[in-house]
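Asks: sequence plus the predicted model coming up.
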Amino acid sequence: MNKRSFLKMISAAMTAHVLSPLMSWAWEGKLSNWAGNLAYSTERLHPASSLDDVRTFVKQEKKLKVLGTRHCFNNIADSRDSFLSLKAMDQVVTLDASVHAVTVAAGITYGQLSPYLDEKGFALHNLASLPHISVAGACTTATHGSGEKNGNLSTAVSGLELVNAAGEVSNLSGKDAEFQGAVVGLGALGVVTKVTLNLQPTFMMRQYVYENLPLREVKDHFDQIEASAYSVSLFTDWQKQRVNEVWLKSRMEPGVAFDAKPEFFGAKLATKNLHPIAELGAENCTEQMGVPGPWYERLPHFRMGFTPSAGKELQSEYFVPRRHAVEAILAMEKMRDQITPHLLISEIRTIAADELWMSMAYQRDSVAIHFTWKQDWPAVSKVLPVIERELEPFQPRPHWGKLFTMEPRVLKSRYERLPEFVELAKKCDPAGKFRNAFLERNVV
């Protein structure tokens with residue numbers, strides 16, 4: 001299939017496929033992930049609607065994994081034995097306005113939670129590009145948004161309720177020595193049943209898009225570009241020595257105005273809403289052109305009422321230290337002729353450092369280079385090792401939920417707290433009830 005036909009197919013699916021509530025993770029039939037590139041190894045799926053349900057199921061099973069919104073592109077959540085679904089556990093448990101914190105059941109999605117918080121006068125510090133993902137799943141894999149001062153989504157976590165392999169319930173907070181290891185738990189510690197998140201007062205935002213940012217400006221002014229808004233995304237196909245689109249998401253603060261000038265480091269202000277893939281319509285994208293809107297309708301790239309695509313794509317992402325951003329970007333640009341034939345679009349974002357042991361941004365401000373691929377794994381599987389080799393001087397860390405080919409010994413060397421995490425996993429799960437092939441190969 002040529003690129004034009006492929007794009008037409010995705011565009012039609014994107015326009016037509018309007019999500020009903022929770023549809024994004026409640027498909028019928030054979031169990032597969034969101035993208036359809038992975039068929040899970042069992043269809044034995046047990047729904048839980050309460051903490052007691054979770055504890056009973058965990059106690060009776062020898063092996064299991066929790067299956068969330070199915071947005072991982074690899075087999076980190078796969079099981080050959082049985083799955084536990086927390087889809088029905090999607091309630092807001094408590095909202096404590098006095099300490100700016102909310103506790104939610106693990107099945108809730110950001111699309112469900114965010115409007116509720118906004119109505120109560122609160123906001124989260126950041127959101128991922130998709131609002132359809134579950135809070136617990138996003139945090140346990142260190143999924144992120146953008147912003148040089150914004151940590152990934154899991155940095156908002158201040159408390160966890162966790163069911164271990166024995167069915168025992170633990171409540172962890174920042175006061176516990178192992179808390180920093182448990183937040184990005186990768187599904188290795190047990191079943192997260194509740195998450196407490198830190199909040200801030202609600203805020204409004206504007207979003208502007210600029211087209212055709214010269215690569216030389218990225219090279220010479222990367223820090224200024226990234227500091228120009230609350231959240232900045234650079235979309236590129238690596239061709240023509242330019243970034244295709246720059247998405248600037250700015251908070252509206254009293255007495256502070258964002259002046260959307262006609263040019264931004266040589267890029268031109270867009271005159272209409274755009275999709276990250278220029279050939280596609282922007283119907284499913286969040287509002288641009290400086291139209292004011294609440295934080296949860298601007299921080300994601302895609303609107304909550306729509307699925308962003310039919311899922312016919314693959315994704316990879318690599319985190320490198322912020323200080324090596326320009327070098328890493330230029331290394332990828334040199335690979336343009338190898339990358340572009342298999343690519344839909346790349347996105348470049350910044351993420352602040354954190355102290356979560358298994359976070360891709362652990363103790364280093366980071367730049368994430370993301371690849372949205374055509375769904376052609378044989379071709380992509382040949383490109384990824386070359387990308388990883390080119391990024392090797394910068395010690396890249398791949399996103400835990402996306403596709404990579406990095407050798408386990410190399411991956412493990414990227415995480416200095418890994419030995420402590422493995423000990424924590426053994427403490428919570430001595431017999432490996434929650435382990436699967438992915439964890440045994442890459443982590444424990």
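Replies: Ah, there it is.
Asks: give me the neighbour count for Pro378.
Replies: 7 (other CB atoms under 10 Å). Using the backbone N, CA and C atoms, a C-beta is placed for each residue, glycine as well.
Asks: the one 3 residues further on now?
Replies: Neighbour count of Ser381, defined by other CB under 10 Å: 12.
Asks: what's the neighbour count on Pro115?
Replies: The burial count for Pro115: 15, using other CB under 10 Å.
Asks: now do the helix or strand Val195 falls within: distance to the chain's middle.
Replies: Val195 belongs to strand 191-198 when assigned by DSSP states H and E. Put simply, strand 191-198 sits 17 Å off its chain's centre (CA atoms, centre = their mean, to the nearest Å).
Asks: all helices of the protein, in order?
Replies: Applying DSSP state H to the chain gives helices spanning 3-16, 51-60, 110-119, 135-140, 179-182, 215-226, 325-333, 336-339, 377-391, 408-413, 418-428, 437-442.
Asks: among the ones you listed, which is nearest Pro294?
Replies: helix 110-119 (5.1 Å; CB to CB).
Asks: before we move on, back to that, by mean pLDDT, show me the worst of the helices of the chain.
Replies: Per-segment mean pLDDT for the helices of the chain reaches its minimum on helix 3-16, at a mean of 42.
Asks: the bottom helix or strand of the protein by mean pLDDT?
Replies: Across the helices and strands of the chain, mean pLDDT, DSSP states H and E gives its lowest value to helix 3-16, namely a mean of 42.
Asks: returning to what we had before: Thr155 is nearest to which of the helices of the chain?
Replies: Closest approach to Thr155 among those is made by helix 135-140 (9.0 Å; CB to CB).
Asks: what is that closest one packed up against?
Replies: helix 110-119, strand 191-198 (3 or more CB pairs under 8 Å, 6 or more residues apart in numbering; DSSP states H and E).
Asks: ok, and which of those has the densest surroundings?
Replies: Ranked by mean neighbour count, these are led by strand 191-198 with a mean of 24 (mean count of other CB atoms under 10 Å).
Asks: what's in contact with that strand?
Replies: Residues outside strand 191-198 that contact it (CB atoms under 8 Å, 6 or more residues apart in numbering): 51, 54, 58, 66, 84, 86, 89, 93, 100-106, 124-125, 135-136, 139-140, 156-163, 169, 173, 185, 434.
Asks: ranges for the strands of the stretch 101-250 of the chain?
Replies: Secondary structure of the stretch 101-250 of the chain (DSSP state E, counting those that start in this stretch): strands located at 101-105, 122-123, 157-163, 169-173, 191-198, 200-201, 204-214, 231-236, 242-252.
Asks: okay, these in TSV with distance to Lys62 and mean pLDDT next?
Replies: What follows is those, written out as TSV (distance: least, CB to CB, whole Å; pLDDT from 0 to 100):
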stretch	distance to Lys62	mean pLDDT
strand 101-105	26	98
strand 122-123	42	98
strand 157-163	16	98
strand 169-173	20	97
strand 191-198	15	98
strand 200-201	43	98
strand 204-214	48	97
strand 231-236	44	98
strand 242-252	46	97
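Asks: for Phe319, find the nearest of the ones you listed.
Replies: Ranking these by proximity to Phe319 (CB to CB) places strand 231-236 first, at 15.1 Å.
Asks: what lines up beside the closest one in the sheet?
Replies: With DSSP bridges as the test, strand 231-236 is paired with strand 242-252 (antiparallel), strand 343-351 (antiparallel).
Asks: and the angle from that strand to strand 204-214?
Replies: Interaxial angle, strand 231-236 versus strand 204-214 (axes from the mean of the first three to the mean of the last three CA atoms, to 10 degrees): 30 degrees.
Asks: Ala48 contacts Ser85, doesn't it?
Replies: Yes - counting by CB atoms under 8 Å, Ala48 sits close enough to Ser85 to count as a contact (6.7 Å).
Asks: between the two, who's got more neighbours?
Replies: Taking neighbours as other CB under 10 Å, Ala48 and Ser85 compare with Ala48 leading, 24 against 17.
Asks: ok, now which ones touch the closest residue to the more buried one other than its chain neighbours?
Replies: Closest residue to Ala48 apart from its sequence neighbours, by CB to CB, 6 or more residues apart in numbering: Val54 at 4.8 Å. By CB under 8 Å, 6+ apart, the residues touching Val54 are 48, 84, 86, 163, 191, 193.
Asks: reformat those as JSON lines; add distance to Glu313.
Replies: Listed next are the contacts of Val54 as JSON lines, based on distance: CB to CB, whole Å:
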{"residue": "Ala48", "distance to Glu313": "30"}
{"residue": "Leu84", "distance to Glu313": "27"}
{"residue": "Leu86", "distance to Glu313": "26"}
{"residue": "Val163", "distance to Glu313": "33"}
{"residue": "Val191", "distance to Glu313": "29"}
{"residue": "Thr193", "distance to Glu313": "31"}
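Asks: ok, so of those, who is nearest Met289?
Replies: Closest to Met289 out of the contacts of Val54 is Leu86 (38.2 Å), distances taken as CB to CB.
Asks: what is the burial count for that closest one?
Replies: Leu86 has 24 neighbours, counted by other CB under 10 Å.
Asks: and the pLDDT for it?
Replies: 97.
Asks: got a list of what it touches?
Replies: Counting by CB under 8 Å, 6+ apart, Leu86 touches 48, 54, 66, 68, 105-107, 134, 136, 191, 193.
Asks: cool, Leu424 as well?
Replies: Leu424 makes contact with 178, 181-182, 189 under the criterion CB under 8 Å, 6+ apart.
Asks: the strand holding Val195 pairs with which strands, and in what direction?
Replies: Looking at strand 191-198 with DSSP bridges, its partner strands are strand 101-105 (antiparallel), strand 157-163 (antiparallel).
Asks: of those strands, which approaches Trp238 most closely?
Replies: Closest approach to Trp238 among these (CB to CB): strand 157-163, 34.7 Å.
Asks: so that closest one versus helix 51-60, what angle?
Replies: Counting by the same axes, to 10 degrees, strand 157-163 lies at 60 degrees to helix 51-60.
Asks: residues making contact with strand 157-163?
Replies: Residues from elsewhere that reach strand 157-163, judged by CB under 8 Å, 6+ apart: 51, 54-55, 58, 101, 103, 139, 169-174, 179, 182-183, 185, 189-198, 428.
Asks: centre of the chain to that strand, how far?
Replies: Computed by CA atoms, centre = their mean, the chain-centroid distance of strand 157-163 equals 19 Å.
Asks: list the buried ones in stretch 44-58?
Replies: The neighbour-count check on stretch 44-58 (16 or more other CB atoms under 10 Å) flags 46, 48, 51, 53-55, 57-58 as buried.
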